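[1] could you work out the structure for the sequence below:
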Amino acid sequence: HTDAAVIAEWKDGLWESWQDLLELMETRLLQLQSSWDLHKFFYDCRECLAHIAEKKAAMSDELGKDRASVENVQRKHRAFADELAPLAEEVRAISGESAGLQCRYAGPRAEDIIYREQEVINAWKHLLALVDGRTSKLSDTNDLYRFLQMVRDLMLWMDDVIRQISSDERARDVSGVELLMNGHQSIKAEIDSRDANFAECIVLGKSLLSRRHYASKEIKEKLLGLGTKRSNMIADWEHRWEFLQLLLEVHQFARDAHVAEGWLISQEQYVRSADLGDNLEAVEKLIRKHQAFEKAIQGQDERFNALERLTTMELKETRKRQIEEYKKAHPEFQEELSPISKNRKEFVEEFIKSNELYDRPPTPPQPRRSLVAEAPQPKRAEQITEQKPPTVADKQPTQKQEEEPSTSQPSQSRLEGALSRKHEWDTHAKRAANRSWVNGYNVLVDNKLSFYKDSKTAKSGGTLFQGESAVPLATATCVSDPKYKKKKHAFRLKQSDGGEWLYVAKDDAELNQWVGAISSCCHGDDGSGDGEGKARTFTEGVQPPGAKSTEGKKKGFFTLRKK
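    This is a model prediction of the structure:
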């Protein structure tokens, strides 16, 4: 064809236009796909934010009114947390879409994509924080109700124990008092068995306080009330135990006095007899009978000497009168608190000061030492008048005295020698099974008195006599006993639990040496080492300086006579 060249040129132009159209169509399609992805991303972000807001609104603020309701709320909250799993997948999908779109767009569009992604992520993190916070708060609430339940149970239990301790049940004889003491000891065993419960409750309360619990004020009040009531319960138990010990001593004294008086009355007929014998044989017979009677009287010396000693109740009354007299003479004197009251006061002051629980170890409470242990039983009341309490000037030493080296510290030197010993009492209520005299070798070292069979065994470090333990002297008392007539140079060693030994030295010098050394090791001794062994009637920390005793001898026990 004559126009073949033109036709070919038009054909090529048409083909190029078609190819351009196809390319434009493909580009338009890609642009529309990108725009769809972008708007879908924005839509998904809005939907995700709406779901997060819906979950926030659905989360309850209820904490429950008791432990059961709290556990029910916790179950619901765990189910709610499990329902957030699809929402977490949705947030992860939005993060993936954002990463893909940021590769396609730049400038304002890229900044808008990043802003929408961060908005979703921040909202999700806030929702997770709210869920975690509510989980922690529910756990704290559950622990709070568990703590309150433990406190309530312990309080009710302590009320019941205090009612048992405050029982008005009385005893009429020694066996009745011993029965009451056994029941009181069973209460002590029950108190000791609850130490683990108290420790668990206290540890839980301190844990809640360390976590800055929202009910910290209430927890502090409960802990303080629990500790104070426990101290009061232990104090009531110890006061009741001390009363029972006094009551046991009174009944034992009444029993022994009744037996002794009955013996005296039975012998009174012989003493008042006017039969002097009608002949030599009858007189000799009466003399032999009288000699036997004198030996019987000597055999009763120990019984009557025991009755002559002041009872703990009399010592308490003496101490009380002396303190009252001293207070009248010295109005500025203030009696120190007892150990129980002092511990209770320190507990409250330290708790209030530090806003933390006073960390008391859950060890079983030790019964307070009786007055018999703190004040050795004097042989007669006149010994009370011999004591020389420190004056006010003695209680407040001068500067010169303070500068001088102290010479009143307990002696730690070793003292040993041969002494005869007799074990008289195991406890306040039980006499020793074997009360015969035993010769042995005594060693005083490290505030303990050991008794060996002989000096060879003692120096070789052998076992003590009959496998017994050394006598601790920290809470013991040692006094000379000039009224003991069977042996000269005798002195007594008495422990706080009522154990009592009688020792005999060879002369007065050795007696004073042993009494002084033992007294310097005893708790509360003045450390003078003079060996006089004077009796003390004041417990440690409450002896009024300068107090004077006006007590006379105890009146006679035996007033019944035949008419």
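
[2] when you work out contacts or count neighbours from here on, use the C-alpha atoms and nothing else.
    Will do.

[3] all helices of the stretch 51-200 of the chain, in order?
    67-82, 85-104, 108-165, 174-193, 195-210 (DSSP state H, counting those that start in this stretch).

[4] residue 220: which of those helices is closest?
    The minimum distance between residue 220 and these falls on helix 195-210, with 7.9 Å, by CA to CA.

[5] give the next helix or strand downstream of the closest one.
    Next helix or strand after helix 195-210 toward the C-terminus (DSSP states H and E): helix 216-271.

[6] the inter-axis angle of the following helix or strand past that following helix versus helix 216-271?
    Next helix or strand after helix 216-271 toward the C-terminus (DSSP H and E): helix 280-299. For helix 280-299 against helix 216-271, the angle by axes from the mean of the first three to the mean of the last three CA atoms, to 10 degrees is 170 degrees.

[7] what's in contact with helix 280-299?
    276-277 (CA atoms under 8 Å, 6 or more residues apart in numbering).

[8] that helix - what's its average pLDDT?
    Mean pLDDT, helix 280-299: 82.

[9] got it, and stretch 60-80?
    The model assigns stretch 60-80 a mean pLDDT of 84.

[10] contacts for it next, please.
    In contact with stretch 60-80 (CA under 8 Å, 6+ apart) are residues 59, 135, 138, 141-142, 145-146.

[11] repeat that with 6 Å
    142, 145 (CA atoms under 6 Å, 6 or more residues apart in numbering).

[12] quick one: distance of it to the chain centre.
    Per CA atoms, centre = their mean, to the nearest Å, the displacement of stretch 60-80 from the mean C-alpha position of its chain is 38 Å.

[13] got the buried residues for that stretch?
    The neighbour-count check on stretch 60-80 (16 or more other CA atoms under 10 Å) flags 63-64, 67, 70-71, 73-74, 77, 80 as buried.

[14] stretch 444-454 too?
    444-445, 447-454.

[15] what about stretch 218-238, average pLDDT?
    Rounded mean pLDDT across stretch 218-238 is 91.

[16] let me fix that, I meant to ask about stretch 475-490.
    Averaged across stretch 475-490, the pLDDT comes to 84.

[17] put the alpha carbons of that stretch into CSV.
    The C-alpha coordinates for stretch 475-490 follow below in CSV (Å, rounded to 0.1, in the frame of the first residue of the first chain):
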residue,chain,number,x,y,z
THR,A,475,19.4,-16.7,139.9
ALA,A,476,20.4,-18.4,143.2
THR,A,477,20.7,-17.1,146.7
CYS,A,478,23.2,-18.1,149.4
VAL,A,479,22.9,-17.4,153.1
SER,A,480,24.5,-18.7,156.2
ASP,A,481,22.4,-20.8,158.6
PRO,A,482,23.5,-20.4,162.2
LYS,A,483,20.2,-21.8,163.5
TYR,A,484,21.0,-25.2,162.1
LYS,A,485,22.1,-27.0,165.3
LYS,A,486,23.0,-30.5,164.0
LYS,A,487,26.2,-29.2,162.3
LYS,A,488,28.2,-26.1,162.7
HIS,A,489,29.3,-23.7,160.0
ALA,A,490,26.3,-24.4,157.7
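
[18] how far does that stretch sit from the chain's center?
    On CA atoms, centre = their mean, the centre of stretch 475-490 falls 37 Å from the chain's centre.
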